[in-house]
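Novice: what follows is a predicted protein model with its sequence.
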Amino acid sequence: QAQLVESGGGLVQPGGSLRLSCAASGSIFSINAMGWYRQAPGKQRELVAAITSSGRTNYADSVKGRFTISRDNARNTVYLQMNSLKPEDTAVYYCNADGYSDHSSFVRGQVFNSWGQGTQVTVSS
């Protein structure tokens, strides 16, 4: 099963930008979708953006036009470029990935789903 490690969070002023990275490592045969979720205090975790192995993307309405998700399949890494940040973007951001650990899992259709530990993004003046 893959381990995911996020980086790039921090404190930024409203209107600023941040770029999050998430690298997957461990037993990986292939990765299907990768995505970013966030959870603000007192709120449920929500999908921010997702990208398939072929590059098809999906965004939450609240971030469309401001955030861009991309991935480097050779490096098993997904990125989230966040521009025009708002205070309401403040949350812990989590990386998620699903795929197959090895060829045997692929043949059997046994999918893993892994989460990163989270990285804090704070937007405040």
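Specialist: Nice, thanks for sending it over.
Novice: and what about the residue nearest the centre of the chain, helix, strand or coil?
Specialist: The centre of the chain sits closest to residue 36, judged by CA atoms, centre = their mean, with a distance of 2.7 Å. The three-state label given to residue 36 by DSSP: H, G, I helix; E, B strand; the rest coil is strand.
Novice: now the strands for the chain?
Specialist: 2-7, 10-12, 18-26, 30-39, 46-51, 57-59, 67-72, 77-82, 91-100, 112-115, 119-123 (DSSP state E).
Novice: relative to residue 106, which of the ones you listed is closest?
Specialist: Each of the strands of the chain has some distance to residue 106 by CB to CB; the shortest is strand 91-100, at 4.1 Å. Placement of C-beta: from N, CA and C, glycine included.
Novice: who are the contact partners of residue 73?
Specialist: Residue 73 makes contact with 31, 53 under the criterion CB atoms under 8 Å, 6 or more residues apart in numbering.
Novice: residue 111 against residue 101, yeah?
Specialist: No. Using CB atoms under 8 Å, residue 111 is not in contact with residue 101, being 9.1 Å away.
Novice: more neighbours: these two, which one.
Specialist: residue 101 (18 against 12; other CB atoms under 10 Å).
Novice: which non-adjacent residue is nearest the more buried one?
Specialist: Leaving aside its sequence neighbours, residue 101 sits nearest to residue 27 (CB to CB, 6 or more residues apart in numbering; 4.4 Å).
Novice: how much space separates that neighbour from residue 96?
Specialist: 17 Å (CB to CB, to the nearest Å).
Novice: what of residue 90?
Specialist: 20 Å.
Novice: skipping adjacent residues, who's closest to residue 66 in space?
Specialist: residue 84 (4.6 Å).
Novice: next, give phi and psi for the one you found.
Specialist: Main-chain torsions, residue 84, degrees, to the nearest 10: phi 50, psi 50.
Novice: so it makes contact with residue 13?
Specialist: No. Applying CB under 8 Å as the test, residue 84 and residue 13 come out as separate, 11.4 Å apart.
Novice: look at those two and report which has more neighbours.
Specialist: residue 84 (13 against 10).
Novice: cool, thanks, signing off.
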